[in-house]
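**Student:** Here is a sequence together with a model predicted from it:
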Amino acid sequence: MAERTLTRADLSEAVYQEVGLSRHESAQLVEIVLKQISDALAQGESVKISSFGSFSVRQKGQRIGRNPKTGAVVPIMPRRVLVFRASHVLKNTINKKLSQLDAARPTAPESGGQPA
Amino acid sequence: MTRSELIQRLAEMNPHLYQRDVERIIGTIFDEITEALSRGDRVELRGFGAFSVKRRGPRTGRNPRTGSSVQVSEKHVPFFKAGKELRERLNTGR
């Protein structure tokens, strides 16, 4: 599968195509949306986007870690981490589309199969 | 914050936009991400984070109630990793 990576530029372009604002304003709006979400999370607020998923902040307590190279004991301080839970709609859409793609693709050579 | 609160905040910040357009902006952003993931693509938003799809291979599971084995087919799960900037902001509270 030719896997590519979408960036802000692709999101701005989609907003530009879909809503018909200027390219500049579309890019600004994408930025504002991401900032609004980040600001809410930075304040410890969860963000729930229906039919997409929810972002929430989880508090982690202090624990003892180890430097895997040296084996030295390092304390890991209490911290906050971000967790994303995809909605069922998102999970189902991804699985449905990807299984269709898999089905459409010519079958990959089976391991142990006869070489062509 | 919910999707509708996000729409509300964006609308308040942009009084020149129609409510309908603000809804479409938010919708388009999340639809684009969903479509990209449905193609198996990644979405990388610097400072915010990256969305990707992880494949879970087929496995033999068990019905925890009866103990009988069940074939679980391959599936794909969406995954999000917070970006460096956001991760740092969570811990400075700013």
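**Tutor:** Sure thing, it's come through. Residues are numbered from 1 along each chain as shown, chains lettered A, B, ... in the order given.

**Student:** C-alpha only now, for contacts and for neighbours.
**Tutor:** Will do.

**Student:** Next, the contact list for the residue nearest the centre of chain A, please.
**Tutor:** Central residue of chain A (CA atoms, centre = their mean): residue A:84, 7.9 Å from the mean position. Residue A:84 makes contact with A:53, A:54, A:55, A:56, B:79, B:80, according to CA atoms under 8 Å, 6 or more residues apart in numbering or on different chains.

**Student:** out of those residues, which one sits closest to residue A:3?
**Tutor:** Distance to residue A:3 across these (CA to CA) is lowest for residue B:79, with 15.7 Å.

**Student:** Verify the contact between that closest one and residue B:51 for me.
**Tutor:** Yes - counting by CA atoms under 8 Å, residue B:79 touches residue B:51, with 5.6 Å between them.

**Student:** between the two, who's got more neighbours?
**Tutor:** Neighbour count, other CA atoms under 10 Å in any protein chain shown: between residue B:79 and residue B:51, residue B:51 has more, with 22 against 16.

**Student:** contacting residues for the residue nearest to that one when sequence neighbours are not counted?
**Tutor:** Nearest residue to residue B:51, sequence neighbours excluded (CA to CA, 6 or more residues apart in numbering or on different chains): residue B:80, at 4.5 Å. Contact analysis of residue B:80 by CA under 8 Å, 6+ apart lists A:83, A:84, B:49, B:50, B:51, B:52.

**Student:** Run through the chain and note the low-pLDDT ranges.
**Tutor:** Chain wasn't specified; assuming chain A. Along chain A, segments meeting pLDDT under 70 span A:1-2, A:106-116.

**Student:** look at chain B instead
**Tutor:** In chain B, residues with pLDDT under 70: B:93-94.

**Student:** Sketch out the strands for it, chain order is fine.
**Tutor:** B:42-45, B:49-56, B:59-62, B:69-72, B:75-82 (DSSP state E).

**Student:** Residue A:58 looks like it's in a strand, true?
**Tutor:** Yes - counting by DSSP: H, G, I helix; E, B strand; the rest coil, residue A:58 falls inside a strand.

**Student:** do you know how far the closest residue to residue B:85 other than its chain neighbours is from residue B:30?
**Tutor:** Computed as CA to CA, 6+ apart, the closest residue to residue B:85 that is not its neighbour in sequence is residue B:47, at 4.8 Å. As defined by CA to CA, to the nearest Å, residue B:47 lies at a distance of 17 Å from residue B:30.
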